[in-house]
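Asker: Sequence and predicted structure, then a few things I'm wondering about:
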Amino acid sequence: MRNRIALLLMVFSLGLGAAWAQDQGAAKPEPAKAAKAKKAKPPDFTAKQSPEMAKLAKMFVGTWAADLKFEAVPEMGPTSQAGTGKGREVVRAGPAGNSLMSGFKARSSSGPFSGHGVIWWDAKAGAYRSLWCDSESPGGCDSTATGKWEGDNLVFTAAAEFPGPDQKMMKMTMRQVYSEMKPASFTFYIDSSIAGGPMKRMMTIQYRKQGPKAAAMAEKTP
């Protein structure tokens, strides 16, 4: 009789233990699902950098010392005079790397000069676009230019109007060319045609990339 009671108690206790274990298992999520829930992240809407902008970023991002040379353009009146100057340009990648943003400061015989530029890739047009704003533009910014590779040169073309010596508006076509590009230097120049005339050199800038120390000092210089 004692053995039968002991056996019944053992079966009863085993049954309670199994039920308790089942309840515990139901209360906890499966390890795989729990791990998956922890790894869930919100969607990332950041655009991917285009290969066209990755190419430009590799070439131009950094701090550059600039040596400027201006040519006299008689068609633009007596204010257009030959001269030289020095400056620096800081180029950074824009949001998601899909634009380049530059800040330019220089001083020449004509006085201080500052400007900001943006370059981006227009996939629909299959060309680069650029916008330039500077301290000498009465409207703040010039119209956008369109750029394409011509061999090893990146060439932007743009049309603009400006008041001539008699204050009548004159049309001008420009070619803005990045050439002789090397890891630590490149040349930029602008040729222009005024009122349908031949292309003439307006300015040339020789760029030299600055090292970290020189770039840090340039950033602190007002």
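Answerer: Structure's in. What do you need? Residues are numbered from 1 along each chain as shown.
Asker: Just the mean pLDDT for stretch 189-201, thanks.
Answerer: Across stretch 189-201, pLDDT averages out at 93.
Asker: what's the spacing between that stretch and its chain's center?
Answerer: Here the centre of stretch 189-201 is set off from its chain's centre by 29 Å, with Cα atoms, centre = their mean, to the nearest Å.
Asker: which parts of stretch 107-127 are buried?
Answerer: Within stretch 107-127, the residues scored as buried using 16 or more other Cβ atoms under 10 Å are F113, G115, G117, V118, I119, W120, W121, A127. For every residue, glycine as well, the C-beta is placed using N, CA and C.
Asker: brain fart, stretch 200-217
Answerer: M202, M203, T204, I205, Q206, Y207, K209, Q210, A215.
Asker: And the contacts of that stretch?
Answerer: Residues outside stretch 200-217 that contact it (Cβ atoms under 8 Å, 6 or more residues apart in numbering) are 62-71, 73, 88-90, 174, 183-194, 218.
Asker: quick one: average confidence on stretch 73-83?
Answerer: On average, stretch 73-83 scores 72.
Asker: before we move on, the earlier item: tell me the one of the buried residues of stretch 107-127 nearest A57?
Answerer: I119 (10.0 Å; Cβ to Cβ).
Asker: tell me what the longest strand along the chain is packed against?
Answerer: Counting by DSSP state E, the longest strand found in the chain is strand 169-182. Helices and strands touching strand 169-182, by 3 or more Cβ pairs under 8 Å, 6 or more residues apart in numbering; DSSP states H and E, are strand 145-150, strand 153-163, strand 185-194.
Asker: Report the angle between it and strand 145-150.
Answerer: Angle of strand 169-182 versus strand 145-150, following axes from the mean of the first three to the mean of the last three Cα atoms, to 10 degrees, is 40 degrees.
Asker: buried sites along strand 169-182?
Answerer: M170, M172, T173, M174, R175, Q176, V177, Y178.
Asker: Walk me through which strands it pairs with, and which way each runs.
Answerer: Next to strand 169-182 in the sheet, as set by DSSP bridges, lie strand 153-163 (antiparallel), strand 185-194 (antiparallel).
Asker: After the last one, heading C-terminal, what element do we hit next?
Answerer: Remark: after strand 185-194, the chain's next helix or strand is strand 200-209, criterion DSSP states H and E.
Asker: quick check, distance from that next one to the centre of its chain.
Answerer: Worked out by Cα atoms, centre = their mean, strand 200-209 lies 21 Å from the chain centre.
Asker: strands paired with that strand, and their directions?
Answerer: Counting by DSSP bridges, strand 200-209 is paired with strand 62-70 (antiparallel), strand 185-194 (antiparallel).
Asker: how about the last one: buried residues?
Answerer: Going back to what we said before, that points to strand 185-194. F186, F188, Y189, I190, D191, S192, S193, I194.
Asker: do the shortest one as well
Answerer: Across strand 62-70, burial judged by 16+ other Cβ under 10 Å covers G62, T63, W64, A65, A66, L68, F70.
Asker: With stretch 44-56 instead?
Answerer: Buried residues in stretch 44-56, counting neighbours by 16+ other Cβ under 10 Å, are found at E52, M53, L56.
Asker: Many thanks, I have nothing further to ask.
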